[in-house]
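J.: Need the 3D shape of this:
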Amino acid sequence: MTFFTFTFAAAVAVLRIRIFLFAALALALGCTRTSNPSSSFVFVAAASDTDTTVTVAGWRNDLDWDDLASKLSPSASLVDTSFQNFKEECLPEFLTPSPSNHALIDQPSGMCLPHLLLGWEMSWPRPSDDGHLSQTFDQIFKDFAGPGADTSEEMMGYALDSTNPSLNLPSKVLFPAVASDVVVAVQFAKKNNVEISVKNSGHDYSGSSSKKNTLLLNMNRYVHYASDGVTDCDTDAALLDTVVAKDLSNQACLLSLAKNKSSLIRVGGGENFDKAYRAVIAANKAQEEYKYHLVGGAAGTVSPMGWTWQGGNAGTTGGRRFGMGVDQVLQVEMVLPNGHHVKFGPTEWEDASADGFIVPHTKVVSGVCRSNPNEQDEEKWIWDDCPEYFGIDFGDLWFAVKGGGGGTWGVVTSVYLQLHEYLPYNEFLSGSVIGIEECSSIAPKFEEFMAKYLMAPKLLNVTKEKSLACGAPDFPGILYCFGEEDVVEAWTKFLEMNNLTESQKCLVNFDDLIEEAPKSYPERMLLGEEARFPGKVPDNPTPGILGTTHANVLVPQSWLDESEENIKILLENMVSSSPYFAYGFATAGLSDQANSLSKAHRDAAAMVSFFNLYSGDEANFWSNLFPKMFDISDKTQFPPVFGSNHAGFLTIGPLKEDWTKPCPREWTFKERNEKCISSQEAIYGTELLSNLEAIKKAVDPQFMFNCQSCIGNNLAKAKASHSQDDELTSPTTTTQSEEPSDQPSGASHASTYTTVISAIALHLFFSILN
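T.: Next comes the predicted model:
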């Protein structure tokens, strides 16, 4: 079922939850109708003295929080939080005509999230004392999309109850300003057995950046580096033979040069892609000719501090040519759960071109610890050998961080990212996207054209190199291209093959629609002076009520290569608006062979949604498509199937005892967790997950960083409920064997369908009220 044939019933289901929740928001804010029946709906804020919200300011009042506050830098702050903060600061944004995460991330409490329901465990306001373990999937479906869900006073009451045990909001929020703030916070938490959650923008669908009964480190006010962080490395040939300095001060540049790149950018732990993109734009404009290109997410409010570690889908910024997000990392600086402030990166590498790799093979990763961790002035930092008792392997840490997700290994304070040579930017649109009426009827054919251009270019006489020039997120009808492509010629060929030659005008070059063509994707997206946040790269999508519920499948290129018919099968069975095209051909060869991004990512042609909360046939995927796409001959090793980026809060694999059967929706979540493949195992596969969990135990034995659906989250739950005493095996390797060839091989758009329906729901909501 494609975007264009989505059932009306599914659309109604999505609308119900949105209409209900907008109504709940109105009640939460004290919205009422005026007594004049002819007047428009107006908002009247409820008087504060009638609020009965229970504050959580007393959480862990046995601890000396004043002592922690006294050790912070002057610009840092530690605040108590409550549902009242969430209600007053966050909820109103979701009722504005143009909600933006740019507004949400700047709220004083630091609690706001880009999807409202992330404020409750499993994005589900129904009360539960056990994290919904005793409740069923069928119940969550009924609450969100069943009959009467849009008018349920019961559900509205749950959402407004400040004592609801399902609320999943932090009890205290610390805004670090410099690295020493993070160090003292982690040391305090370690000493007092306090769990830490970490957030930059909160752009996440599983709820990993917000958690009750934790000290939240909100990094949004942390020192910024990007604005002057663009660096041109010395390209003197002699530098290539230079030894990496003991303090790693030249390590990032040496690695960059080894990759035949000469520029990089440092991005702070609290910065998002809006800030990084604008820094690169400014650096380009300061040159006589554009020089730099940054691979990043589609949304300005997505952060490299989360996007990158999940894999990093770069469908809009040339990821198919330049690599995944993890492939851009040159050096990492972070505060670990043991309280040490470290930086680390590859210090020895070797050419791997004979094995088909484009970048060097990382052989040794080295790290240093800061010997004066309480020093607030960065110019006075001293980096030295880590103490003998340090006990953490930097090779394992590099491997785990690059692909093993954010929020679970510690707090990233900055990262050096690769900048690539600038290539001309071009954007092609389906005529249906810009409202050419006669093009709407062939919109599905345009999707087929995109699929063939990006996944099977030989069918259109397109070379792999020119196919690699383009990519796309899961939004129908748009191609983002960098450098030399062959889109117009391929479209002509496609029309001839399908007897549609009169539809030539249904491919539109964006440059033809405007007076001055943008020179890059971020410049294309910059908001104008009339916008609410002028000059910024916007959200994409904008904040909504409910985020993505399930994960998307990484469709293997090898399966598509078997038959042209498989492209048709993919398009007919997907429930997303379009595949996510950020994979294929070059992404395997751009691996340093020392990262934990799954083989499924490297071997993928595209990421596709085949089922979600509202629609799709899980049984069809697991019983029919899954065995054809993936090798399941070894019943002891479940293969990686799902993409890490965009994995939703209901992500789960099939039955453990029979991988061709979906996890029953009538079971409780406790049963599902026990008897079905976990979300982590379905993303990483059995073997890789085992290695990552072993590293997690070594890096964070107290599970102080225990975010939802993150690596180690299952272990922490097991430890808490069963006093886990079995030891994990040590990680066997910090590298993956990958074999790129001339065949395509293998992760911030959410489902565009959900975004579109959200906009429709908002329109309907205000229409109904008026």
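J.: Helices of the stretch 151-300 of the chain, residue ranges please.
T.: Here the stretch 151-300 of the chain has its helices, by DSSP state H, counting those that start in this stretch, at 153-160, 179-192, 251-258, 273-285.
J.: for the stretch 651-770 of the chain, same thing?
T.: 669-675, 679-684, 686-699, 713-722, 752-769.
J.: which of the ones you listed has the lowest average pLDDT?
T.: Mean pLDDT values for the helices of the stretch 651-770 of the chain show the minimum at helix 752-769, a mean of 34.
J.: one step back: looking at the helices of the stretch 151-300 of the chain, which has the lowest confidence?
T.: Of all the helices of the stretch 151-300 of the chain, mean pLDDT reaches its minimum on helix 153-160 (a mean of 83).
J.: Pull the distance from it to the chain's centre.
T.: 29 Å (C-alpha atoms, centre = their mean, to the nearest Å).
J.: Tabulate the helices of the stretch 151-300 of the chain in CSV, adding columns for distance to Met111.
T.: Bear in mind the C-beta positions are built from the backbone N, C-alpha and C, glycine included. Shown next, in CSV, are the helices of the stretch 151-300 of the chain (distance: least, C-beta to C-beta, whole Å):
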stretch, distance to Met111
helix 153-160, 16
helix 179-192, 17
helix 251-258, 34
helix 273-285, 21
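J.: Compare those and give me the one nearest Lys445.
T.: The closest of the helices of the stretch 151-300 of the chain to Lys445 is helix 273-285. By C-beta to C-beta, the value is 32.9 Å.
J.: For the stretch 1-150 of the chain, just list every one of the strands.
T.: Remark: strands assigned in the stretch 1-150 of the chain by DSSP state E, counting those that start in this stretch are 77-80.
J.: Run through it and note the low-pLDDT ranges.
T.: Scanning the stretch 1-150 of the chain for pLDDT under 70 picks out 1-57, 146-150.
J.: switch the cut-off to 80
T.: 1-58, 145-150 (pLDDT under 80).
J.: Helices of that one, residue ranges please.
T.: Going by DSSP H, counting those that start in this stretch, the stretch 1-150 of the chain shows helices at 8-28, 65-70, 83-85, 101-104, 137-145.
J.: JSON lines for the helices of the stretch 151-300 of the chain, including distance to Glu529 and mean neighbour count?
T.: Below are these laid out as JSON lines (distance: least, C-beta to C-beta, whole Å; neighbours: other C-beta atoms under 10 Å):
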{"stretch": "helix 153-160", "distance to Glu529": "37", "mean neighbour count": "17"}
{"stretch": "helix 179-192", "distance to Glu529": "36", "mean neighbour count": "22"}
{"stretch": "helix 251-258", "distance to Glu529": "36", "mean neighbour count": "22"}
{"stretch": "helix 273-285", "distance to Glu529": "15", "mean neighbour count": "22"}
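J.: Which of those helices sits closest to Gly404?
T.: helix 179-192 (18.9 Å).
J.: Show me what that closest one is packed against.
T.: With contacts defined as 3 or more C-beta pairs under 8 Å, 6 or more residues apart in numbering; DSSP states H and E, helix 179-192 has these neighbours: helix 65-70, strand 196-199, strand 215-218, strand 329-335, strand 341-350, strand 411-421.
J.: now these in CSV, with mean neighbour count and distance to Tyr277?
T.: Output for the helices and strands packed on helix 179-192, formatted as CSV (neighbours: other C-beta atoms under 10 Å; distance: least, C-beta to C-beta, whole Å):
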stretch, mean neighbour count, distance to Tyr277
helix 65-70, 14, 35
strand 196-199, 26, 20
strand 215-218, 27, 22
strand 329-335, 24, 17
strand 341-350, 21, 23
strand 411-421, 24, 12
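J.: now for those, which one comes closest to Trp667?
T.: Nearest to Trp667 among those is strand 196-199; the distance by C-beta to C-beta comes to 28.5 Å.
J.: Report the distance from that closest one to the chain centre.
T.: Averaging C-alpha positions (C-alpha atoms, centre = their mean) puts strand 196-199 15 Å from its chain's average.
J.: would you list the helices and strands packed on helix 179-192 in TSV and tack on distance to Asp106?
T.: Shown next, in TSV, are the helices and strands packed on helix 179-192 (distance: least, C-beta to C-beta, whole Å):
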stretch	distance to Asp106
helix 65-70	22
strand 196-199	13
strand 215-218	11
strand 329-335	24
strand 341-350	27
strand 411-421	20
